[in-house]
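Asks: My questions concern the predicted model and sequence given below.
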Amino acid sequence: MSDMVIKNIGILFTGNINTPIIEGPVSIIIEKGKIKGIERGNPPEAQKIIDANGIAACPGFIDSHTHPVFGDFTPRQNQLGFIESSLHGGVTAMISAGEAHLPGRPVDRQGTKALALLAHKSFARIRPAGVKVYGGALILEKGLVEEDFKELAAEGVWLVGEIGLGSIKSANEAKIMVEWAKKYGMKVLMHVGGTSIPGSSTVTCDDVLVANPTVACHLNGGPTSIPSSEAMRVIDKAECAIEIVHCGNPLSAFEIGRYMKNKGILKRLIVGNDAPSGTGVIPLGIWRMVNFLSSLCGIPAEIAICCATGNTQKVFGLTHGTITEGADADIQLIDAPMGSAGSDAKAAIEIGDIPGIAMVLIDGAIKAQVSRNTPPPARKIA
């Protein structure tokens, strides 16, 4: 007998851009925190059965760009509980782009290593509100040598915080460290655009092409965007993933979304919040970006959802982000919000309405029921 069955799902957004949607009714079978299968017809017996009552299911969102520090507190906005609030916005995982907002952040070689290792090990032991926070992103500072990357990788650190936050400003300096990081299996993020915080730097298209990161972060600005022509050159010339964020330039995000849609390369596009930031903490920021891509850029809802789920899973090599057999059971149950002109979640997203979240599961465990941050879903689950 399985642990859980979610039955009567009306639409299944898979998060897989190759097969992004399955029309229901279908059931998701969950066992030991994993998705055992997706089935039609009468579902098998289970210890717990959830009747979705025709509403949709989609993967929990992976916020590709966050700046946590420790626990569920951000000194950037002097706020507690921002990660739990994001859970109520459908976010089940967050990726650190660097713990840059730590008061007194060390900028020497040993200090920057220590911060990355401490944040990594801290978040490995705690999941605020159940959310999987991938913390410990090494901020590149002068003096780091190849042995430092080897040492940190051996301790489990696998992220390099967005290049530009530390004292490494030159693309040629960064290129060497990027090569070291990739040699030891790390994923490398790179700031693109104008200066974001005191001490950071402006990063150009040419810098990205020289450094060759894993992700060109907030190509729509964090918050200041490079010229559109330069953004398109990054998309065309670089091989890295392209990220747009809520705390960025909306016109640039629109142009990037439309450009990548028209070129048929949306599989490279991922979505982040870039929060906590000066813009604030935005618990619904990922849903707002998904709606933005769908309603304004003309991207079908099921593809826009992939940009916040399966695309990000693939870039970072995660075990969640799709509703497929063997993936972690990180799932949102969603519907058109009460009062929406959309008849279901897909229609609501495509006209710009944030869905009502009825339930959020992480590893098959219920972590939130009707969201405190979205409007209530039009239909109730049982």
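Replies: Thanks, I have it.
Asks: Next, give phi and psi for the closest residue to residue 11 other than its chain neighbours.
Replies: Spatial nearest neighbour of residue 11, excluding adjacent residues (Cβ to Cβ, 6 or more residues apart in numbering): residue 56 at 4.1 Å. Any C-beta I mention is one placed from the backbone N, CA and C, and that applies to glycine too. Dihedral pair for residue 56: phi -100, psi 160, per degrees, to the nearest 10.
Asks: Test my guess that residue 109 contacts residue 147.
Replies: No - the pair residue 109 and residue 147 does not pass the contact test of Cβ atoms under 8 Å, sitting 10.8 Å apart.
Asks: And those two? Which one has more around it.
Replies: For residue 109 against residue 147, the residue with the higher neighbour count under other Cβ atoms under 10 Å is residue 109, and the figures read 14 against 9.
Asks: if I pick the more buried one, what's in contact with it?
Replies: Residues counted as contacts of residue 109 (Cβ atoms under 8 Å, 6 or more residues apart in numbering) are 141-144, 148.
Asks: Tell me the confidence at it?
Replies: Residue 109 carries a pLDDT value of 97.
Asks: same deal with the one 4 residues further on?
Replies: Among the per-residue scores, residue 113 holds a pLDDT of 98.
Asks: Remind me which helix or strand the residue nearest to it when sequence neighbours are not counted belongs to.
Replies: Excluding its sequence neighbours, the residue lying closest to residue 113 (Cβ to Cβ, 6+ apart) is residue 148, at 5.8 Å. According to DSSP states H and E, residue 148 maps onto helix 146-154.
Asks: Would you indicate which residues of that helix are buried?
Replies: Counting neighbours by 16 or more other Cβ atoms under 10 Å, one finds that the buried residues in helix 146-154 are 148-149, 152-153.
Asks: what about the strands in the stretch 1-150 of the chain?
Replies: Counting by DSSP state E, counting those that start in this stretch, the stretch 1-150 of the chain forms strands over residues 2-13, 21-31, 34-39, 46-51, 56-59, 61-66, 73-74, 79-80, 91-96, 132-134, 137-138, given from the N-terminal end onward.
Asks: Format those as a markdown table; extra columns: mean neighbour count, distance to residue 102 and mean pLDDT.
Replies: What follows is the strands of the stretch 1-150 of the chain, written out as a markdown table (neighbours: other Cβ atoms under 10 Å; distance: least, Cβ to Cβ, whole Å; pLDDT from 0 to 100):
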| stretch | mean neighbour count | distance to residue 102 | mean pLDDT |
| --- | --- | --- | --- |
| strand 2-13 | 22 | 36 | 96 |
| strand 21-31 | 19 | 37 | 96 |
| strand 34-39 | 18 | 35 | 97 |
| strand 46-51 | 16 | 40 | 95 |
| strand 56-59 | 29 | 30 | 98 |
| strand 61-66 | 30 | 14 | 98 |
| strand 73-74 | 20 | 10 | 94 |
| strand 79-80 | 13 | 15 | 92 |
| strand 91-96 | 27 | 11 | 98 |
| strand 132-134 | 22 | 15 | 98 |
| strand 137-138 | 29 | 12 | 98 |
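Asks: quick one: residue 301 and residue 58 touch, right?
Replies: No - with contacts counted by Cβ under 8 Å, residue 301 stays clear of residue 58, the gap being 9.1 Å.
Asks: Surely residue 8 is in contact with residue 49?
Replies: No - taking contacts as Cβ under 8 Å, residue 8 lies outside contact range of residue 49: 9.9 Å.
Asks: Show residues contacting the helix or strand that residue 251 is a member of.
Replies: Here residue 251 is covered by helix 250-263, with elements defined by DSSP H and E. Counting by Cβ under 8 Å, 6+ apart, the neighbours of helix 250-263 from elsewhere in the structure are 219-221, 225, 228, 231-232, 235, 242, 244-245, 266, 268-269, 289, 292-293, 296-299.
Asks: From those, list just the buried residues.
Replies: By the neighbour-count criterion of 16+ other Cβ under 10 Å, the contacts of helix 250-263 include these buried positions: 219-221, 225, 228, 231-232, 235, 242, 244-245, 266, 268-269, 289, 292-293, 297, 299.
Asks: taking the residues you listed one by one, which sit in helices?
Replies: Residues from the buried ones among the contacts of helix 250-263 lying in helices, with DSSP state H as the criterion: 228, 231-232, 235, 289, 292-293.
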